[in-house]
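Participant: no FASTA, just this:
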């Protein structure tokens with residue numbers, strides 16, 4: 001075995017003593033590369049500083065708040081639609097029950113049904129899904145009333 005201080009080759013053209021100049025140059029090159037990598041890492045850390053993260057967090061919070069608001073509006077609309085449907089069913093059942101109790105057809109009288117208010121226009125314009133649901137509900141309500149009047153003519 002040879003030690004680290006021994007020459008790598010022997011013979012008439014072999015260098016005398018350990019190969020220090022080449023090893024020293026490699027060590028200097030290695031140190032230079034490591035310093036460069038340290039600088040690159042420091043720059044990367046600076047660019048990923050909390051300032052950039054804070055902006056992303058703020059944007060994320062704003063988007064989550066917007067999503068929660070939209071979900072709240074959707075849930076509110078869903079509840080209103082369910083309540084309207086229940087009222088419609090109660091009216092229909094009441095009209096049918098009144099007609100059967102008297103023994104004859106009961107006229108469906110009363111003021112005309114109040115129109116469902118159109119949704120408030122929002123900054124981005126009316127929501128096409130909301131509009132479609134509203135049209136379907138109004139058509140269904142009209143059909144139910146027409147059928148109730150058709151079964152129990154005055």
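Facilitator: Arrived safely. The structure displayed is predicted, hence computed values, not measured ones.

Participant: and the longest helix seen in the chain, what does it pack onto?
Facilitator: Secondary structure of the chain read by DSSP state H shows that its longest helix is helix 50-102. Counting by 3 or more Cβ pairs under 8 Å, 6 or more residues apart in numbering; DSSP states H and E, the packing neighbours recorded for helix 50-102 are helix 128-151. All C-beta spots, glycine's among them, are computed from the backbone N, C-alpha and C.

Participant: Run the angle between the helix it packs on and helix 50-102 for me.
Facilitator: 0 degrees (axes from the mean of the first three to the mean of the last three Cα atoms, to 10 degrees).

Participant: which strands and helices sit next to helix 128-151?
Facilitator: Secondary-structure packing of helix 128-151 (3+ Cβ pairs under 8 Å, 6+ apart): helix 50-102.

Participant: pLDDT weak spots in the protein?
Facilitator: Scanning the chain for pLDDT under 70 picks out the ranges 1-19, 48-52, 100-125, 151-154.

Participant: what comes up buried for stretch 135-145?
Facilitator: 137, 141, 145 (16 or more other Cβ atoms under 10 Å).

Participant: now swap in stretch 68-82 and tell me
Facilitator: 77, 81.

Participant: what comes into contact with it?
Facilitator: With Cβ atoms under 8 Å, 6 or more residues apart in numbering as the test, stretch 68-82 has contacts from 130, 133, 137.

Participant: Phi, psi for residue 127 please.
Facilitator: When read as degrees, to the nearest 10, the backbone of residue 127 gives phi -80, psi 120.

Participant: Tell me, how many residues neighbour it?
Facilitator: Neighbour count for residue 127, taken as other Cβ atoms under 10 Å: 16.

Participant: Make JSON lines from the buried residues of stretch 135-145 and add distance to residue 81 to it.
Facilitator: Below are the buried residues of stretch 135-145 laid out as JSON lines (distance: Cβ to Cβ, whole Å):
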{"residue": "137", "distance to residue 81": "7"}
{"residue": "141", "distance to residue 81": "11"}
{"residue": "145", "distance to residue 81": "17"}
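
Participant: For residue 41, state which of the residues you listed is nearest.
Facilitator: residue 137 (61.4 Å; Cβ to Cβ).
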